[in-house]
Structure formats: structure tokens, C-alpha cells
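# Using only what follows, build the 3D model:
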Amino acid sequence: MKIYFKEGKGRRHMIPAPLWLVKAALGMGGVGMSIARKHVSEDQLIYLENIDLRELRKGFDILRQYKGLILLDVRTKDGTEVKIIV
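Model (predicted):
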């Protein structure tokens with residue numbers, strides 16, 4: 001997976017994120033979730049509690065079959081762009 005982002009000033013960045021690394025980070029997500037719960041407001045906490053990290057990891061196994069798939073492509077008015085490609 002690759003994450004591309006372009007700042008409004010024209011600087012471009014690319015972050016390679018191998019799927020095995022993303023899955024490993026999700027496997028350790030319980031630690032991150034406990035930290036996030038301390039810093040998230042009550043109305044946003046509902047969304048965190050509904051994330052099933054095990055199912056999300058399974059989803060990344062399936063994504064391996066779809067190389068080149070664009071997961072996210074966002075452009076803002078100020079010229080900032082973000083694109084995530086499997």
C-alpha cells in the first residue's frame with residue numbers, strides 16, 4: 001500500500017506502507033485504542049468502541065488481491081491532496 005499526499009504549496013510525499021506492517025499495527029491496536037479513549041470526547045468515543053480490529057485485519061488480507069485499487073482520493077480547496085492505493 002502507498003500513501004501519497006501533496007501539500008497546498010506543491011510539496012509531494014509518498015509513504016510506503018506494506019500490508020504486513022499495517023496488519024501488525026492493527027494487531028497492537030489495543031494499546032493505541034486505550035490511549036485514544038483517554039483523549040477523545042464522549043460523543044466521539046462511540047465510534048472508537050465500534051471498531052473491530054480483528055475484522056479490519058481480515059479485510060487487509062482480502063485487499064492483497066486488488067493491487068492498484070484506490071481506497072482514498074481526496075482533494076481540498078486549498079490544494080492539499082491525499083491518495084491511498086493498495
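# What residues does Lys23 make contact with?
When contacts are counted by Cβ atoms under 8 Å, 6 or more residues apart in numbering, Lys23 is found next to 57, 60-61. Any C-beta I mention is one placed from the backbone N, CA and C, and that applies to glycine too.
# Keeping just the C-alphas, turn the least confident helix or strand in the chain by mean pLDDT into CSV.
Least confident helix or strand of the chain, by mean pLDDT, DSSP states H and E, is helix 29-39 with a mean of 80. Included here for helix 29-39 are C-alpha records, laid out as CSV according to Å, rounded to 0.1, in the frame of the first residue of the first chain:
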residue,chain,number,x,y,z
GLY,A,29,-4.2,-1.6,18.2
GLY,A,30,-5.5,-2.4,21.6
VAL,A,31,-2.7,-0.3,23.1
GLY,A,32,-3.5,2.6,20.8
MET,A,33,-7.2,2.3,21.5
SER,A,34,-6.7,2.6,25.2
ILE,A,35,-4.6,5.7,24.7
ALA,A,36,-7.1,7.2,22.3
ARG,A,37,-10.0,6.6,24.7
LYS,A,38,-8.3,9.0,27.2
HIS,A,39,-8.1,11.8,24.7
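# quick one: secondary structure of the residue of the chain most remote from its centre?
Ranking residues of the chain by C-alpha distance from their mean position (Cα atoms, centre = their mean) puts Lys9 at the top, at 23.4 Å. When classified by DSSP: H, G, I helix; E, B strand; the rest coil, Lys9 comes out as coil.
# Near the closest residue to it other than its chain neighbours, how many other residues are there?
Excluding the flanking residues, the one nearest Lys9 by Cβ to Cβ, 6 or more residues apart in numbering is Gly79, at 7.7 Å. Using other Cβ atoms under 10 Å, Gly79 has 11 neighbouring residues.
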